[in-house]
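Engineer: sequence plus predicted model, see below.
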Amino acid sequence: MAKKKESAEINFNNMDEVNTLIQKLVKEMIASNTLNQEAMQNNPLVYGFNIRVDRNGISLIEKDEKEPQSNKLEESREPLVDIIDKDDYIVIMAEVPGVDKANIKLVLEKGKLNIAASGTSRNYNRDVILSADIDMPYSHAIYNNGVLEINLKKGYYKGNDNKIRIL
């Protein structure tokens with residue numbers, strides 16, 4: 001079941017306001033969980049939220065739309081990402097250490113990019129919602145020392161290819 005994404009405009013110059021808002025979001029996420037306390041002690045849950053600044057300079061904190069995830073080592077992790085929205089490109093920097101380039105899959109579908117990577121000791125999986133249409137033939141990624149740099153050219157593409165090539 002998809003949850004509505006909630007967001008709040010904040011002033012990053014006032015860190016007390018940021019701290020208060022984060023505490024409120026965490027309390028709401030914990031209160032919305034239907035699991036009992038005993039289950040939570042055995043398998044802690046991982047909640048998420050995003051802090052970003054939009055093109056107009058407005059700072060936002062948003063709850064992640066996903067249900068809380070169990071923090072088990074055998075499951076995939078969400079890689080840490082930075083998203084830089086430039087005039088002609090969207091650049092995504094993702095940390096996926098411990099995997100081989102051949103085991104990284106980047107698939108674009110319906111306005112979001114799925115980053116999937118598997119290694120011998122860990123797996124990563126994350127969907128990144130994009131702010132623009134992507135021109136696939138001019139998009140690519142580079143993987144070096146556990147850091148994946150994804151360069152997505154903004155534009156319209158009519159083809160069927162939805163995989164980003166990794167150089």
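Structural biologist: Yes, it's here.
Engineer: and residue 132, how many neighbours?
Structural biologist: 15 (other C-beta atoms under 10 Å). All C-beta spots, glycine's among them, are computed from the backbone N, C-alpha and C.
Engineer: surely it meets residue 89?
Structural biologist: No: contact criterion C-beta atoms under 8 Å: residue 132 and residue 89 do not qualify, at 9.4 Å.
Engineer: what touches both of the two?
Structural biologist: residue 154 (C-beta atoms under 8 Å, 6 or more residues apart in numbering).
Engineer: which strand in this protein runs the most residues?
Structural biologist: strand 99-109 (DSSP state E).
Engineer: the next helix or strand after it packs against which elements?
Structural biologist: Using DSSP states H and E, the helix or strand that directly follows strand 99-109 along the chain is strand 112-119. Strand 112-119 is packed against strand 89-95, strand 99-109, strand 123-129, strand 147-153, with contacts defined by 3 or more C-beta pairs under 8 Å, 6 or more residues apart in numbering; DSSP states H and E.
Engineer: sheet-wise, list the partners of strand 112-119 with their directions.
Structural biologist: strand 99-109 (antiparallel), strand 123-129 (antiparallel) (DSSP bridges).
Engineer: may I see the buried residues of the longest one?
Structural biologist: So the one you mean is strand 99-109. 99, 104, 106, 108 (16 or more other C-beta atoms under 10 Å).
Engineer: so which of the helices and strands packed on strand 112-119 is nearest residue 28?
Structural biologist: strand 123-129 (21.3 Å; C-beta to C-beta).
Engineer: please consider this matter closed, and thank you.
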